[in-house]
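In: Provided below for reference: sequence and predicted model.
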Amino acid sequence: MDAALGFRVHTGWAAAVVLAGPATAPRVVDRRRFSLVEKSDHDSVFVYHAAAEVDAASAERLLATAREVARRSALRDMTQLLADLAADGYALRAVGLPGGAGRALPAVGDILLSHSLIHTAEGALFRQALADACGKRALSVIEIASKELVARAARASGLRPDAVKRTVAELGRALGPPWAADQKEASLAALVAAATHHAASGRTSGSPR
């Protein structure tokens with residue numbers, strides 16, 4: 001059975017939710033946390049903050065290491081998720097990856113001079129690691145502005161935005177915690193990814209089978 005994955009990305013980790021079933025009545029078939037760092041210390045997680053405190057050469061080394069660790073960690077967790085889904089009879093077809101403002105980042109030196117850009121760059125680093133892991137596993141990635149998630153999920157399901165929010169909120173009732181903003185946003189991203197994939201593949205349904 002087809003399924004779609006959605007993320008909500010944080011600095012150093014991401015919440016992941018997998019949905020299957022019709023867009024008007026989806027069901028959660030998996031939820032978990034992707035860890036995108038190997039250590040939980042400040043400099044490993046907030047790597048651009050750490051890079052701003054050292055010289056340029058050291059900053060580049062810190063960032064290169066962080067990118068490699070994030071890619072390796074994301075691929076490890078994605079591989080495990082795919083294996084678990086396959087064992088349960090699900091095939092992951094698309095991934096929804098909410099993003100930030102979508103603007104291109106400047107050079108590293110300029111990023112490190114701006115606290116707001118440092119935060120933006122850290123988010124971009126971990127989103128890119130997830131996108132790279134999806135690419136390694138031949139998964140279609142649909143990037144979505146976070147502020148557009150509800151509207152796009154409403155179009156995908158044919159429901160009103162308030163009905164979409166209720167549907168996503170109710171998904172967690174039977175499951176129990178955790179089911180907070182992270183899981184709800186990831187679910188919205190999964191709904192959008194499923195609909196986009198089916199439209200691109202020429203199917204008339206806007207949801208996983």
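Out: Received, thanks.
In: in the sheet, who's paired with the one residue sitting closest to the centre of the chain?
Out: The C-alpha lying nearest the average C-alpha coordinate of the chain belongs to F7 (C-alpha atoms, centre = their mean; 2.7 Å). Judged by DSSP bridges, the bridge partners of F7 are A16.
In: that one: what's it in contact with?
Out: F7 is in contact with A14, A15, A16, F34, V95, G96, L97, P98, L130, A186, A189, counting by C-beta atoms under 8 Å, 6 or more residues apart in numbering. In short, each C-beta sits where N, CA and C put it, glycine included.
In: doesn't L130 make contact with the first one?
Out: Yes. Using C-beta atoms under 8 Å, A14 makes contact with L130 at a distance of 6.2 Å.
In: what's the overlap in contacts for the two?
Out: The contact sets of A14 and L130 overlap at F7, F34, L36 (C-beta under 8 Å, 6+ apart).
In: just confirm A25 is within a helix.
Out: No. Going by DSSP: H, G, I helix; E, B strand; the rest coil, the assignment for A25 is coil, not a helix.
In: before we move on, the earlier item: please tabulate the contacts of F7 in a markdown table and include pLDDT and secondary structure as additional columns.
Out: Listed next are the contacts of F7 as a markdown table, based on pLDDT from 0 to 100; DSSP: H, G, I helix; E, B strand; the rest coil:
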| residue | pLDDT | secondary structure |
| --- | --- | --- |
| A14 | 98 | strand |
| A15 | 98 | strand |
| A16 | 98 | strand |
| F34 | 98 | strand |
| V95 | 97 | strand |
| G96 | 96 | strand |
| L97 | 97 | strand |
| P98 | 95 | strand |
| L130 | 98 | helix |
| A186 | 97 | helix |
| A189 | 96 | helix |
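In: and of the residues you listed, the nearest to A50?
Out: The shortest gap between A50 and any of these belongs to A14, at 20.3 Å (C-beta to C-beta).
In: ok, the nearest residue to A59 once chain neighbours are set aside - contacts?
Out: If the residues on either side of it in the chain are set aside, A59 comes closest to A51, at 3.8 Å by C-beta to C-beta, 6 or more residues apart in numbering. Residues near A51 by C-beta under 8 Å, 6+ apart: S58, A59, L62, L63, V108, L112.
In: what do you get if the cut-off is 7 Å, keeping everything else the same?
Out: Counting by C-beta atoms under 7 Å, 6 or more residues apart in numbering, A51 makes contact with A59, L62, L63, L112.
In: can I assume the last one is in contact with V54?
Out: Yep, that's L112 we're talking about. No. Assessed by C-beta atoms under 7 Å, L112 is found out of contact with V54, at 9.5 Å.
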